[in-house]
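Student: after the sequence you'll find the predicted model.
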Amino acid sequence: MAERILTEEMENAIRALFPRYPTRQAVTLPALHIVLEKLRYVPPQAVVEIAGLLELAPSQVQDTLSFYGIFPQDKPHGRTRVWVCRSISCALRGSDELLQQLCESAGISPGGTTGDGRVTIEIAECLGACEHAPCMLANDELHHCITREQGEAFLRGLK
Ligand code: FES
């Protein structure tokens, strides 16, 4: 039997959501977010345990997980997760070059994580702030009109 991966704290946080949603199935996405926030990934064993809590088949939880592109399953994302927007407004204002430069500086490809776990750099679709292109989201912080120099400085400042 696989070792349990959800802590009691995570399970309690998921259970605490039950009264706020019409069905347990509706708790799937917030439960995935709880696990992602704690573990920085949602491994298959976590999917099985979430399904158990929500009285669903693991495949139902996996369906929801795989619909979104934000839940890594093989390993945790970096302590900082950077998303560089590549949609049209940002692309026209140099986001491709920004992404390339950030990845080169970090020594990774888009979607990759540095060996020290400091940062993961990913490609995002429109972040909803097109008038401030190019945009970059770092964890929950949106960076507007970011230049390559600012992106470099941001990376250097990460722990
Ligand atoms: S196109 Fe980048 S924020 Fe909308």
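Tutor: Looks like it arrived, so ask away.
Student: what secondary structure does the residue nearest the centre of the chain sit in?
Tutor: The residue lying closest to the centre of the chain (CA atoms, centre = their mean) is I70, at 4.3 Å. Following DSSP: H, G, I helix; E, B strand; the rest coil, we place I70 in the coil state.
Student: same question for E122.
Tutor: Following three-state DSSP, E122 is assigned to strand.
Student: so it is in contact with P110, correct?
Tutor: Yes: contact criterion CB atoms under 8 Å: E122 and P110 qualify, at 6.5 Å. To be clear about C-beta, it is placed using only N, CA and C from the backbone, and glycine gets the same treatment.
Student: of those two, who's got more company?
Tutor: Shown here are E122 and P110; by other CB atoms under 10 Å, E122 has more neighbours (19 against 14).
Student: quickly list what the more buried one is bridged to.
Tutor: W83 (DSSP bridges).
Student: and what of L142?
Tutor: Beta-bridge pairing of L142 under DSSP bridges involves L137.
Student: how much space separates it from the ligand?
Tutor: Distance, L142 to the ligand, by CB to the nearest ligand atom, to the nearest Å: 9 Å.
Student: now A51: which helix or strand?
Tutor: Using DSSP states H and E, A51 sits within helix 44-54.
Student: now C145
Tutor: Assigned by DSSP H and E, C145 falls within no helix or strand.
Student: number of nearby residues for it?
Tutor: 13.
Student: okay, helices next: where are they in this structure?
Tutor: For the chain, applying DSSP state H gives helices covering 8-15, 28-39, 44-54, 58-67, 88-92, 95-106, 148-156.
Student: now the first one: average pLDDT?
Tutor: Yep, that's helix 8-15 we're talking about. The average pLDDT within helix 8-15 is 98.
Student: can you check the third one too?
Tutor: Along helix 44-54, the predicted confidence averages to a pLDDT of 98.
Student: now swap in the last one and tell me
Tutor: Averaged across helix 148-156, pLDDT comes to 93.
Student: quick one: pLDDT of G69?
Tutor: 86.
Student: break this structure down into its structural domains.
Tutor: 8-67, 80-156 (automatic domain parsing).
Student: could you save the ones you listed as a markdown table and add columns showing distance to M1?
Tutor: Converted to a markdown table, the domains of the chain look like this (distance: least, CB to CB, whole Å):
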| stretch | distance to M1 |
| --- | --- |
| domain 8-67 | 10 |
| domain 80-156 | 29 |
